[in-house]
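Chemist: Sequence and predicted structure are below.
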Amino acid sequence: MRAIGRGTRWLVLRPWEKMTETQRNQLRLLFSFNGRLARAYQVVEQLREALQAPDFMSMLAGVGIVLRRTRRHDNVPMRKLHDSLMAHSPEIVALGEYHPFTGRIEALNNNWETLVRRARGYRNHDYLLRKLRFMVANPIRSNDGVQRFLALGITPPMPRRNAA
């Protein structure tokens, strides 16, 4: 068993249509020994197919089929997948519909994490949210960006002094 499954993680993560016939045969052999893995692979392939659907309604229908298929399983990883898909299905369908560039999403996540890291200790959360909204819409990459930010008149909150 170990000889068959060892080093095949990359193969399980790869889409079926991008495999050679040798790789498909190796995957079929692996699935013949592990039925749970085979079902999980089928669910992932169905989700991939649903997100490549031509219109919004067929995407929703495809995600609904995946949700029905994961709902009735007793194993814990499949239930976790179901719960995660239920919680994030509108966002997943939006990603499938609009196909945003991954680089932009990663840049926004990085900007958010950087801002939150810098904001440790802020007592005024409204200021943090205003700063985040501006940063997402208008990234500060030059002196012009700094001038636009300063023109908004957003001043950092002054620290409060404790009366002694």
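Modeler: Structure received.

Chemist: quick one: low-confidence parts of the chain?
Modeler: Low-confidence segments of the chain (pLDDT under 70): 1-5, 121, 136-142, 145-164.

Chemist: Please parse it into its domains.
Modeler: 2-98, 102-151 (automatic domain parsing).

Chemist: what about Arg123, which SS state?
Modeler: Put simply, Arg123 is coil when judged by DSSP: H, G, I helix; E, B strand; the rest coil.

Chemist: Quick one: neighbours of it, just the number.
Modeler: Arg123 has 9 neighbouring residues, counting by other Cβ atoms under 10 Å. In this view, the C-beta of every residue, glycine as well, is placed from N, C-alpha and C.

Chemist: what do you get for Leu128?
Modeler: By the measure other Cβ under 10 Å, the count of residues near Leu128 is 16.

Chemist: circling back: return the most buried member of the domains of the chain.
Modeler: Comparing these by mean neighbour count (mean count of other Cβ atoms under 10 Å), domain 2-98 ranks first with a mean of 14.

Chemist: what's the residue nearest the centre of the chain in contact with, if anything?
Modeler: By Cα atoms, centre = their mean, the chain has its centre lying nearest to Ile92, at 7.8 Å. Applying Cβ atoms under 8 Å, 6 or more residues apart in numbering to Ile92 gives the contacts Leu51, Val63, Leu85.

Chemist: So Arg79 sits against His73, correct?
Modeler: Yes - using Cβ atoms under 8 Å, Arg79 is in contact with His73, at 6.5 Å.

Chemist: where do the helices sit along this structure?
Modeler: Ranges of helices within the chain are 2-5, 9-13, 21-33, 35-51, 56-71, 76-98, 102-118, 125-137, 143-151, based on DSSP state H.

Chemist: Using PDB, write out every CA atom in the second one.
Modeler: It stands for helix 9-13. In PDB, the C-alpha atoms belonging to helix 9-13 read as follows (Å, rounded to 0.1, in the frame of the first residue of the first chain):
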ATOM      1  CA  ARG A   9       0.000  13.800  -3.500                       C
ATOM      2  CA  TRP A  10       0.800  16.000  -6.500                       C
ATOM      3  CA  LEU A  11      -1.100  13.600  -8.600                       C
ATOM      4  CA  VAL A  12      -4.200  13.800  -6.500                       C
ATOM      5  CA  LEU A  13      -4.100  17.600  -6.600                       C
END
